[in-house]
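Undergrad: Coordinates only, no sequence provided:
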């Protein structure tokens, strides 16, 4: 039986679908009997999602956009 | 658009690069429009400073314009842009480097002798979506990312935030695929632990209110 440590080490590859099917299956069998690992997997996935959503919302402020446009125009014709 | 590269976007990008190399300066404007948000956002996520990110964006755009003839097409154009962006950003950061001394090891999961998890793991993954609009949550997330060691942070930003493939991240950073994967995994483990501390405390606070 594979232990928590091994499961968590393989977690990235497991979620990417990069593991051999029999290895994936043994992870899933472990998860069935291990609520701490299920909690870990769920929170690992949500971490990625939360960070992505938060950091992806970075937009260029309008005033900076204007200045960049001026900068581009100026250099284009230099 | 730009980095996400559906086919038409990629064809347009290649044409723009060729045109600019041939001296058609009009294509500079279009390339700038296509890439400036990505340049700014990556720089901002690394520096967390609007003025620095604006400077970096200008510098990178200018480099694209002036050094376009040095781009040989050996890697994707966007990989080249990312590398220039990272170099410019790191130059900025070097001038104002603060010591962070946080060890990623301390935040990795811990196991007992038989390989079982030692900590009590709570599942806070449900109902966090609504907290995304909460300023405190957003700040906590940003701070956690800021605390990541540089090597892990950049892999995390390119792969998980910008959505580049593992292979492409390897190309930009000149790393092997296993190295990208291992850094990404460590970054996610670090961030998970940071967010776990926050959400577990958040829950207690709410319950005792």
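TA: Looks like it arrived, so ask away. Bear in mind that the values here come from a model prediction, so they are computed numbers and not experimental data.
Undergrad: In chain B, which helix is the longest?
TA: Secondary structure of chain B per DSSP state H: the longest helix is helix B:177-208.
Undergrad: That helix and chain A, any residue contact?
TA: Yes. Residues of helix B:177-208 are located near chain A by Cβ under 8 Å from any Cβ of the partner chain, namely B:181, B:184-185, B:188-189, B:191-192, B:195-196. For the C-beta atoms, the positions are set from N, CA and C on the backbone; glycine is no exception.
Undergrad: Can you list the buried residues in that helix?
TA: Under the neighbour-count criterion of 16 or more other Cβ atoms under 10 Å in any protein chain shown, helix B:177-208 has B:180-196, B:198-199, B:202 buried.
Undergrad: same check, this time on stretch B:44-57
TA: By neighbour count on 16+ other Cβ under 10 Å, the buried set for stretch B:44-57 is B:44-47, B:52-57.
Undergrad: Any part of stretch B:57-77 near chain A?
TA: Yes. Judged by Cβ under 8 Å from any Cβ, stretch B:57-77 comes into contact with chain A at B:57-58, B:61-62, B:65.
Undergrad: and the residue nearest the centre of chain B, what does it touch?
TA: Centroid check for chain B by Cα atoms, centre = their mean gives residue B:157 as the closest residue, at 1.8 Å. Taking Cβ atoms under 8 Å, 6 or more residues apart in numbering or on different chains, we find residue B:157 in contact with A:55, B:42, B:45-46, B:145.
Undergrad: Give the full set of residues in contact with whichever residue of chain B sits closest to chain A.
TA: Residue of chain B nearest chain A, by Cβ to the nearest Cβ: residue B:115 (3.0 Å). In this structure, residue B:115 makes contact with A:3-6, judged by Cβ under 8 Å, 6+ apart.
Undergrad: And those residues, which two are furthest apart?
TA: Farthest-apart pair in the contacts of residue B:115 is A:4 and A:6; separation 7.5 Å (Cβ to Cβ).
Undergrad: re the thing from before, which one of the contacts of residue B:157 is nearest residue A:13?
TA: Of these, the one sitting nearest to residue A:13 (Cβ to Cβ) turns out to be residue B:145, at 22.9 Å.
Undergrad: I'd say that closest one and residue B:188 touch.
TA: No. Counting by Cβ atoms under 8 Å, residue B:145 does not reach residue B:188; the two are 11.1 Å apart.
Undergrad: which residues are common contacts for those two?
TA: Common contacts of residue B:145 and residue B:188 (Cβ under 8 Å, 6+ apart): residue B:156.
Undergrad: Excluding sequence neighbours, find me the nearest residue to the spatially most central residue of chain A.
TA: Per Cα atoms, centre = their mean, the C-alpha nearest to the average position across chain A is that of residue A:48, at 3.7 Å. Excluding the flanking residues, the one nearest residue A:48 by Cβ to Cβ, 6 or more residues apart in numbering or on different chains is residue B:160, at 5.5 Å.
Undergrad: give the contact list for that neighbour.
TA: By Cβ under 8 Å, 6+ apart, residue B:160 lies in contact with A:48, A:51-52, B:184, B:187-188.
Undergrad: Find me the pLDDT at it, would you?
TA: Here, the pLDDT recorded for residue B:160 equals 95.
Undergrad: So what does it look like in phi/psi?
TA: Dihedral angles phi and psi of residue B:160 (degrees, to the nearest 10) take the values phi -90, psi -40.
Undergrad: Roughly how far does it sit from residue A:53?
TA: Residue B:160 sits at a distance of 11 Å from residue A:53 (criterion: Cβ to Cβ, to the nearest Å).
Undergrad: do the same with residue A:64
TA: Residue A:64 sits 22 Å away from residue A:53, going by Cβ to Cβ.
Undergrad: More neighbours: those two, which one.
TA: Applying other Cβ atoms under 10 Å in any protein chain shown to residue A:64 and residue A:53 shows that residue A:64 carries more neighbours, namely 18 against 14.
Undergrad: Find the nearest non-adjacent residue to that one, please.
TA: In space, residue A:64 is closest to residue B:54, 5.1 Å off (Cβ to Cβ, 6+ apart).
Undergrad: Okay, and the one you found sits in which element?
TA: Element membership of residue B:54 [criterion: DSSP states H and E] is helix B:50-66.
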